[in-house]
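S.K.: Fold the following for me, if possible:
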Amino acid sequence: MKIPESELLINGDGSAFHIHMKPEELADIVILVGDPGRVEMIGEYLSDREFTHSSREFVSTTGMYKGKRMTVLSTGIGTDNIDIVMTELDALANVDFSTREPKSEHRTLTVLRIGTCGAIHPDIPLGSAIFSHYSVGCDGMLNWYAGRSKITNAAMEEAFKEHMKWNCNLPSPYFVKASDKLIVAFEKDTVKGVTISAPGFYGPQGRSVRLGLAMPGMLKDLESFRFGEYRITNIEMESSAVAGMGLLLGHDCGTVCCAIANRYLKSSNTDYKPQVRAVVEMALDRLAGLS
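M.R.: Coordinates of the predicted model:
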């Protein structure tokens, strides 16, 4: 079925509307970062770089790392941008841009978000690499898509809402598991994470500057939540949409974050770039080692 021009926007040069990449420029391994400046930092590790595109917060490049072709793309902040990025990446892989029809054979991407986060337990030191085995969407974005309940963990969601005494005015949270392939690849080098994806940096993460909070005890309740072997480990702003949309679209997705703050200890490290670089180097090696 042909996808209308109003539903999938393609630029005059044949590139995806927002991220300005063409189908042939997309590698099977994709690294997502929030900060556009981090694309160039990761790009320093790539050889044979093919291009660099820049449009708003979306900066991209593709090159080689230890024999594997990889694309690096910045998303900006928030799950709303992840909705754009994941949709357009999948379209580049699985839609024929000349006919606007889905391809007969599905192409599976490996998509890893590398970001920063705040840990919520005292035993997770600053600089730790946390891999999100589960991502918890407190943003509501995935609830707009059919099939949401087929890929989420209903038991964890209900236990979480009951424990948190979830405010009925907030979007219903969803729990999505990362790709098992990526979980196995990163398990020896990372903290086992259950990651909250918040729809904002201040109030939605329990920070109060001049406005009061709808859930003032949120951080304490997050710290005490348990579901079998799992506990909430960290808070960031994108992993749930990466995991959720990736699973719906048939891709292997996950998130690894460097802890640059600890909300329990009320500590932070603003000079975190060397620690982020160490996480990047580890992640590149793990991705290059995938079969």
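S.K.: list the contacts for Met41?
M.R.: 277, 280 (C-beta atoms under 8 Å, 6 or more residues apart in numbering). Glycine gets a C-beta too; all of them are placed from N, C-alpha and C.
S.K.: you'd agree it is in a helix?
M.R.: Yes: under DSSP: H, G, I helix; E, B strand; the rest coil, Met41 sits within a helix.
S.K.: Kindly provide the distance from it to Thr116.
M.R.: Separation of Met41 from Thr116 (C-beta to C-beta, to the nearest Å) stands at 13 Å.
S.K.: likewise Leu170?
M.R.: 24 Å.
S.K.: What number of residues are in the vicinity of Lys266?
M.R.: A count of nearby residues for Lys266, using other C-beta atoms under 10 Å, gives 7.
S.K.: Please apply the same query to Glu236.
M.R.: 26.
S.K.: And the strands in the stretch 51-200 of the chain?
M.R.: Along the stretch 51-200 of the chain, counting by DSSP state E, counting those that start in this stretch, strands occupy 52-55, 58-65, 68-74, 95-96, 101-102, 110-119, 129-137, 174-177, 191-197.
S.K.: Stretch 31-41 - what's its average pLDDT?
M.R.: Rounded to a whole number, the mean pLDDT of stretch 31-41 is 97.
S.K.: Ends of stretch 129-143, what's the gap?
M.R.: 29 Å (C-alpha to C-alpha, to the nearest Å).
S.K.: what separates it from the chain centre, distance-wise?
M.R.: 8 Å (C-alpha atoms, centre = their mean, to the nearest Å).
S.K.: just stretch 45-60 next, same as before
M.R.: 19 Å.
S.K.: swap in stretch 237-255?
M.R.: Remark: stretch 237-255 is offset 6 Å from the chain centroid, using C-alpha atoms, centre = their mean.
S.K.: So for that stretch, what gets flagged as buried?
M.R.: Neighbour-count burial for stretch 237-255 flags 237-249, 251-255 (criterion: 16 or more other C-beta atoms under 10 Å).
S.K.: which ones among the residues you listed are found in helices?
M.R.: Counted as lying in helices by DSSP state H, out of these, are 239-249.
S.K.: Pick out whichever of Leu170 and Thr116 has more residues nearby.
M.R.: Thr116 (21 against 16).
S.K.: what's the closest non-adjacent residue to Ser55?
M.R.: Nearest residue to Ser55 in three dimensions, chain neighbours excluded: His20, at 4.6 Å (C-beta to C-beta, 6 or more residues apart in numbering).
S.K.: tell me the contacts of that neighbour?
M.R.: Contacts of His20 by C-beta under 8 Å, 6+ apart are 11, 53-55, 58, 60.
S.K.: where does this protein have its least confident helix or strand?
M.R.: In the chain, no helix or strand scores lower on mean pLDDT, DSSP states H and E than strand 267-268, which sits at a mean of 84.
S.K.: who touches that strand?
M.R.: Where contact means C-beta under 8 Å, 6+ apart, the residues beyond strand 267-268 that reach it are 118, 126, 260-262.
S.K.: Can you name the two of these that sit furthest apart?
M.R.: Gly118 and Leu126 (9.9 Å; C-beta to C-beta).
S.K.: which neighbours do these two share?
M.R.: The contact lists of Gly118 and Leu126 share 259-262, 268, where a contact means C-beta under 8 Å, 6+ apart.
S.K.: So which of those residues sit within strands?
M.R.: 259-262, 268 (DSSP state E).
S.K.: and Ala283, backbone torsions?
M.R.: phi -60, psi -40 (degrees, to the nearest 10).
S.K.: Quick check, it in contact with Arg113.
M.R.: No: judged on C-beta atoms under 8 Å, Ala283 makes no contact with Arg113 at a distance of 9.8 Å.
S.K.: returning to what we had before: sheet-wise, list the partners of the least confident helix or strand of the chain with their directions.
M.R.: strand 252-262 (antiparallel) (DSSP bridges).
S.K.: Tell me what angle the strand it pairs with forms with strand 129-137.
M.R.: 110 degrees (axes from the mean of the first three to the mean of the last three C-alpha atoms, to 10 degrees).
S.K.: From the ones in helices among the buried residues of stretch 237-255, pick the one nearest Pro102.
M.R.: Closest to Pro102, out of all of those and judged by C-beta to C-beta, is Leu249, at 11.3 Å.
S.K.: Test my guess that Tyr45 contacts Met282.
M.R.: No: the pair Tyr45 / Met282 is not scored as a contact, 11.7 Å apart, by C-beta under 8 Å.
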